[in-house]
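1. Let me see the structure of the following:
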Amino acid sequence: MEQARVDHDTKQQARVSEPEAGTWTSIRETLKVGIQALLIALVVRTLLFQPFNIPSGSLVPTLLIGDYLFVSKYSYGYSKYSLPLSEYLPGEYHARVWGAEPKRGDIAVFKLPKDNSTDYIKRVIGLPGDKIQVIAGVLNINGKPVKREQIADYETTDAFGQPTKVPQYMETLPGGVEHRVVERDGDHGFWDNTELYTVPAGHFFMMGDNRDNSTDSRDLSSVGYVPFENFVGRAEMIFFSIDEGTPAWQVWRWPADVRWKRIFSAIH
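-> Model (predicted):
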């Protein structure tokens, strides 16, 4: 009888051990899948696409506060600033792998030269060697005024949140890129008459489309000329957009506040 009890206990132990082994196998598989997913996400974010959101109105009307977009990392090749947490990497690295220079008219994300860590997004206006100047609100490139045609006023809000309309233009850059710009202060804003800038070799001149509400290369002390190595990638597509002031995590407000027509729209 005693032996029988021992055998019975042994069978119970076996029955208990089998489920435990299965549980650990399941945990290991889950961890394995999770690690693989993280590695894939890291590779995609580092080499292919990185998501960004728009926190300011410097590129209105092209990009609005509350837009979420994908930036292609491969468009300009890869530099130190293509890597996550690049500001913490030791040493100076000026090389760029598979580099392809930005084109005039591109909307690009770059690291602010002042600290090499803050992400900025602006439009490429000046290429290396270009001479850039704004005269009475009109952009001049290499001594020639850029074509702009006034179109319907842009509807926005003023500093007090009241509805207002501001002048809007269709600007055509050398090379043929057309895009809209707004002049909140007309042609008499602070940056509507500037000095003559000469873009250094290996650098680019960046501006916002909201010309009177953009801190960009016109302000040499804040942004200035942007080195090629500081470019992160080119803005490609809006994948989500929600009204300014509505947090994206408040899904119950999506039906009314999501800008459905902007989702999956290409960025030009």
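
2. Which parts of the stretch 51-200 of the chain are strands?
-> Using DSSP state E, counting those that start in this stretch, the strands found in the stretch 51-200 of the chain span residues 67-72, 107-111, 119-126, 131-135, 138-141, 144-145, 147-157, 163-172, 178-182, 197-198.

3. Kindly reformat those strands as TSV containing mean pLDDT.
-> Formatted as TSV, these follow (pLDDT from 0 to 100):
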stretch	mean pLDDT
strand 67-72	95
strand 107-111	96
strand 119-126	97
strand 131-135	98
strand 138-141	98
strand 144-145	98
strand 147-157	95
strand 163-172	96
strand 178-182	98
strand 197-198	98
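
4. Serialize these to JSON lines and add fields for mean neighbour count and distance to residue 96.
-> Just so you know, the C-beta spots here come from the backbone N, C-alpha and C atoms, and that holds for glycine as well. Shown next, in JSON lines, are the strands of the stretch 51-200 of the chain (neighbours: other C-beta atoms under 10 Å; distance: least, C-beta to C-beta, whole Å):
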{"stretch": "strand 67-72", "mean neighbour count": "20", "distance to residue 96": "15"}
{"stretch": "strand 107-111", "mean neighbour count": "23", "distance to residue 96": "13"}
{"stretch": "strand 119-126", "mean neighbour count": "23", "distance to residue 96": "16"}
{"stretch": "strand 131-135", "mean neighbour count": "18", "distance to residue 96": "23"}
{"stretch": "strand 138-141", "mean neighbour count": "18", "distance to residue 96": "25"}
{"stretch": "strand 144-145", "mean neighbour count": "11", "distance to residue 96": "30"}
{"stretch": "strand 147-157", "mean neighbour count": "13", "distance to residue 96": "32"}
{"stretch": "strand 163-172", "mean neighbour count": "16", "distance to residue 96": "29"}
{"stretch": "strand 178-182", "mean neighbour count": "19", "distance to residue 96": "26"}
{"stretch": "strand 197-198", "mean neighbour count": "16", "distance to residue 96": "23"}
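
5. any chance of these in TSV, plus distance to residue 51?
-> Below are the strands of the stretch 51-200 of the chain laid out as TSV (distance: least, C-beta to C-beta, whole Å):
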stretch	distance to residue 51
strand 67-72	6
strand 107-111	11
strand 119-126	11
strand 131-135	31
strand 138-141	30
strand 144-145	37
strand 147-157	26
strand 163-172	28
strand 178-182	22
strand 197-198	32
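
6. so which of the ones you listed gets nearest residue 264?
-> Residue 264 lies closest, by C-beta to C-beta, to one member of the strands of the stretch 51-200 of the chain: strand 67-72, at 10.2 Å.

7. circling back to that earlier point, now for the strands of the stretch 51-200 of the chain, which one comes closest to residue 226?
-> Using C-beta to C-beta, the strands of the stretch 51-200 of the chain put strand 107-111 closest to residue 226, at 5.2 Å.
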